[in-house]
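S.K.: Turn this into a model:
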Amino acid sequence: MKLSKFILYMFAMSITTFLFSCSEDSSPTPPATTDYSAYYPLSVGSWWIYEEWKTDSNFNPDSLITRDSVVIESTTMFNGKNAFVKVTYDILSGVAIDTTYEYFENNSLYEWTQLNPFTNEQEGWVERGSFTKDYIKYLDTNVTDLIIGDMFSFSGSIKMDITKGINKIINLKNKDYTAFTYNNSAIIDGNATIPGLGSVPMKVDMTEEMFFAKNIGIAQTLTTQTALIMGMGEPEYSKRILIDWSVK
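M.R.: Alright, predicted model coming up:
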């Protein structure tokens with residue numbers, strides 16, 4: 001062992017010995033943990049109404065795509081966790097279009113889903129976001145001959161992650177709120193086998209900036225998506241806006 005490494009080793013051992021010899025009363029008090037659950041409220045009976053709009057590159061609304069409502073209908077013991085049952089309804093038809101099971105723990109949101117939605121992997125509790133972590137790698141994998149729809153197959157890489165952004169001001173019902181922002185990113189890069197064209201380069205790049213307001217939840221989502229086939233394609237923009245809500 002080199003002398004410098006030996007000195008560092010002895011120093012570390014001395015510090016360790018000192019820490020273990022200290023009494024319990026002399027230990028530093030751990031910092032208080034902030035509870036961020038109010039930024040993603042989960043309570044039975046709460047509801048949110050959203051409109052999703054196609055927009056220009058500055059996210060100015062152009063044409064309405066959908067209008068739906070999200071309702072927390074109940075709680076249930078689900079795969080070892082006391083989960084909230086969240087149902088999304090299409091407002092026009094009144095038909096339920098999605099049901100999720102979620103719980104919030106240690107300032108992180110968990111959802112029962114597939115870690116890799118592109119395979120037949122079994123479902124499990126997946127961390128979908130955190131108010132105390134700057135970065136979460138959600139998915140980083142390679143696939144071969146993945147069937148997409150009935151039209152073509154894809155081989156290449158798929159990466160998905162979540163990055164904490166800066167706080168921003170958002171206006172809801174003529175009132176300003178300071179919102180936490182998080183950026184969801186998904187990149188699909190490889191080759192698609194398309195009937196009549198054969199194997200061609202394909203890249204899909206999507207980002208979502210999500211805004212979370214205290215005692216409200218998800219207030220807005222700004223989405224940019226670019227799909228390039230053989231290098232050709234234009235970015236598309238959309239905006240999901242919270243227009244009404246009731247948090248119990």
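S.K.: neighbours of the closest residue in space to S57 that isn't next to it in sequence, just the number please.
M.R.: In space, and not counting its chain neighbours, S57 is closest to Y237: 5.8 Å by CB to CB, 6 or more residues apart in numbering. C-beta here means a position set from N, CA and C on the backbone, and glycine is covered the same way. Around Y237 there are 18 other residues, counting by other CB atoms under 10 Å.
S.K.: quick one, what contacts Y237?
M.R.: Applying CB atoms under 8 Å, 6 or more residues apart in numbering to Y237 gives the contacts K54, T55, D56, S57, F59, L222, T223, T224, Q225.
S.K.: Go again with 10 Å.
M.R.: Taking CB atoms under 10 Å, 6 or more residues apart in numbering, we find Y237 in contact with 53-60, 62, 222-226.
S.K.: Could you tell me which of those count as buried?
M.R.: W53, T55, F59, L222, T223, T224 (16 or more other CB atoms under 10 Å).
S.K.: Name whatever forms a beta bridge with the nearest residue to the fourth one once chain neighbours are set aside.
M.R.: Read that as L222. Counting by CB to CB, 6+ apart, E209 is the residue found nearest to L222 once chain neighbours are left out, at 4.5 Å. Per DSSP bridges, the residues bridged to E209 are N183, L222.
S.K.: distance of E209 from E52?
M.R.: Computed as CB to CB, to the nearest Å, the E209 to E52 distance reads 14 Å.
S.K.: next one: A227
M.R.: Separation of A227 from E52 (CB to CB) stands at 18 Å.
S.K.: now I166
M.R.: 24 Å.
S.K.: which one of those two has more residues nearby?
M.R.: Ranked by neighbour count (other CB under 10 Å), I166 and E52 place E52 first, with 17 against 6.
S.K.: didn't that one look like it was pressed against E208?
M.R.: No: E52 is beyond contact range of E208, at 11.9 Å (criterion: CB atoms under 10 Å).
S.K.: Quick check: neighbours shared by those two?
M.R.: Joint contacts of E52 and E208 (CB under 10 Å, 6+ apart) are T221, T223, S238, R240.
S.K.: list the contacts for the first one?
M.R.: Applying CB under 10 Å, 6+ apart, one finds that T221 lies in contact with 50, 52, 182, 184, 208-211, 238-242.
S.K.: among the shared contacts of E52 and E208, which two are most distant?
M.R.: T221 and S238 (8.3 Å; CB to CB).
S.K.: what's the overlap in contacts for the two?
M.R.: By CB under 10 Å, 6+ apart, the residues touching both T221 and S238 are E52, E208.
S.K.: neighbouring contacts of stretch 187-199?
M.R.: The list of residues contacting stretch 187-199 from outside it, by CB under 10 Å, 6+ apart, reads 118, 140, 142-148, 151-161, 200-207, 227-230.
S.K.: Narrow the residues you listed to those that are buried.
M.R.: 118, 143, 146, 152-154, 156, 158, 160, 202-206.
S.K.: Need those in CSV (columns: distance to S108 and secondary structure).
M.R.: Converted to CSV, these look like this (distance: CB to CB, whole Å; DSSP: H, G, I helix; E, B strand; the rest coil):
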residue, distance to S108, secondary structure
F118, 23, coil
V143, 27, strand
L146, 29, strand
F152, 36, strand
S153, 35, strand
F154, 31, strand
G156, 30, strand
I158, 23, strand
M160, 17, strand
M202, 33, strand
K203, 31, strand
V204, 27, strand
D205, 26, strand
M206, 23, strand
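S.K.: that older thread, can you tell me which of the buried ones among the contacts of Y237 is nearest N215?
M.R.: Set against N215, the nearest of the buried ones among the contacts of Y237 by CB to CB is L222 (21.6 Å).
S.K.: what's that closest one in contact with, if anything?
M.R.: 55, 59, 181, 183, 207-211, 237-241.
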